[in-house]
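S.K.: pasting the structure only:
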């Protein structure tokens with residue numbers, strides 16, 4: 001039960017009490033004393049009472065001491081702690097200095113620039129992976145060199161193919177012997193044709209030696225002439241096969257040349273996109289580095305202007321009763 005100005009009633013622990021002129025008061029939910037008395041003061045009286053009992057003194061350097069005297073040890077410890085907490089909160093919000101505000105602004109800008117940098121780097125990587133071009137300048141130079149070399153090889157092969165085609169046609173028409181066809185430089189480098197020419201040389205040597213002792217109708221001499229004719233007949237098919245291989249090689253080189261030319265035609269577009277992406281990455285990287293340097297300066301300036309104020313020692317409830325002191329009270333009573 002409770003009795004208050006303007007009425008009385010009952011309320012359990014944790015319940016609310018309606019008091020005229022004060023409002024609604026909630027009781028603690030835990031165990032309550034058997035009897036206790038509460039005195040309510042208005043805002044101005046409460047501020048004046050705390051102000052009379054609170055003293056703030058500078059101890060030297062940048063240290064400040066708060067001294068508060070109250071009727072209760074628990075509330076006496078909580079009052080200076082609450083004052084310090086309110087002061088620190090105001091320093092972080094309303095009363096923070098220009099450097100602290102500048103620090104917050106720079107940190108926000110740095111986070112935004114870092115996000116844009118990550119997006120630009122991802123876009124550059126996607127372009128490079130999609131086009132297969134890491135450095136447009138180096139890729140263009142390498143492609144031009146490869147195309148020049150390929151063009152030289154293709155020209156040489158086309159010239160060789162044209163000359164060999166003429167000789168093959170003449171040999172097929174009977175205007176050119178197989179031995180004369182085999183004298184073509186590229187055919188002379190072929191191992192199969194070299195082997196046939198070596199066999200022809202051996203057989204002709206044997207036939208020449210036999211002719212000195214025998215007639216042309218000699219069976220052994222006829223067999224040698226037949227073998228020589230068969231070997232010479234193998235030269236034309238080999239020349240045709242080699243000419244066909246030159247055709248296939250020229251077609252492959254022509255396709256490769258076309259691919260390189262297509263890559264060179266598309267390279268300016270890739271180069272423009274890559275240079276734009278690289279410029280964005282370079283610009284954002286420089287912006288992030290500059291903001292980080294400014295953040296460091298602003299943080300040091302905020303510390304210098306008191307932006308890092310903190311509580312060194314918090315007040316704790318006193319273990320000893322400061323008042324009333326029995327000796328002092330007894331002496332006063334005797335004097336009275």
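M.R.: Cool, got the structure. Being a predicted model, the structure only gives us computed values, none of them experimental.
S.K.: what's the burial count for residue 21?
M.R.: Using other C-beta atoms under 10 Å, residue 21 has 9 other residues around it. (Each C-beta comes from the backbone N, C-alpha and C, glycine too.)
S.K.: again with residue 59
M.R.: Neighbours of residue 59 (other C-beta under 10 Å): 8.
S.K.: measure it to residue 22 for me?
M.R.: Relative to residue 22, residue 59 is positioned 39 Å away (criterion: C-beta to C-beta, to the nearest Å).
S.K.: helices or strands next to whichever helix or strand residue 192 is part of in the packing?
M.R.: Assigned by DSSP states H and E, residue 192 belongs to helix 191-211. Contact here means 3 or more C-beta pairs under 8 Å, 6 or more residues apart in numbering; DSSP states H and E; on that basis helix 191-211 packs against helix 178-182, helix 219-304.
S.K.: of all those helices, which lies closest to residue 2?
M.R.: helix 219-304 (50.9 Å; C-beta to C-beta).
S.K.: quick one: average confidence on that closest one?
M.R.: Averaged across helix 219-304, pLDDT comes to 77.
S.K.: I'd like the next helix or strand past that helix.
M.R.: Counting by DSSP H and E, what follows helix 219-304 is helix 326-335.
S.K.: just checking, what packs against that following helix?
M.R.: Helix 326-335 packs on no helix or strand, going by 3+ C-beta pairs under 8 Å, 6+ apart.
S.K.: centre of the chain to it, how far?
M.R.: Relative to the centre of its chain, helix 326-335 is centred 79 Å away, using C-alpha atoms, centre = their mean, to the nearest Å.
S.K.: and for stretch 286-299?
M.R.: Using C-alpha atoms, centre = their mean, the distance between the centre of stretch 286-299 and that of its chain works out at 20 Å.
S.K.: and that stretch, what's buried?
M.R.: 287, 288, 291, 294, 295, 298, 299 (16 or more other C-beta atoms under 10 Å).
S.K.: wait, the third one touches residue 106, no?
M.R.: Okay, so that is residue 291. Yes. Shown here, residue 291 and residue 106 form a contact pair, counting by C-beta atoms under 8 Å, at 5.7 Å.
S.K.: sorry, back to before: pick the most buried one from the helices and strands packed on helix 191-211.
M.R.: helix 178-182 (a mean of 19; mean count of other C-beta atoms under 10 Å).
S.K.: helix or strand next in line after it, which one?
M.R.: Following helix 178-182 in sequence order, the next helix or strand is helix 185-188 (DSSP H and E).
S.K.: so where's this protein shaky on pLDDT?
M.R.: The chain contains residues with pLDDT under 70 at 6, 92-97, 128-144, 188, 263-275, 303-309, 319-323.
S.K.: returning to that earlier point: residue 14 is nearest to which of the helices and strands packed on helix 191-211?
M.R.: helix 219-304 (44.5 Å).
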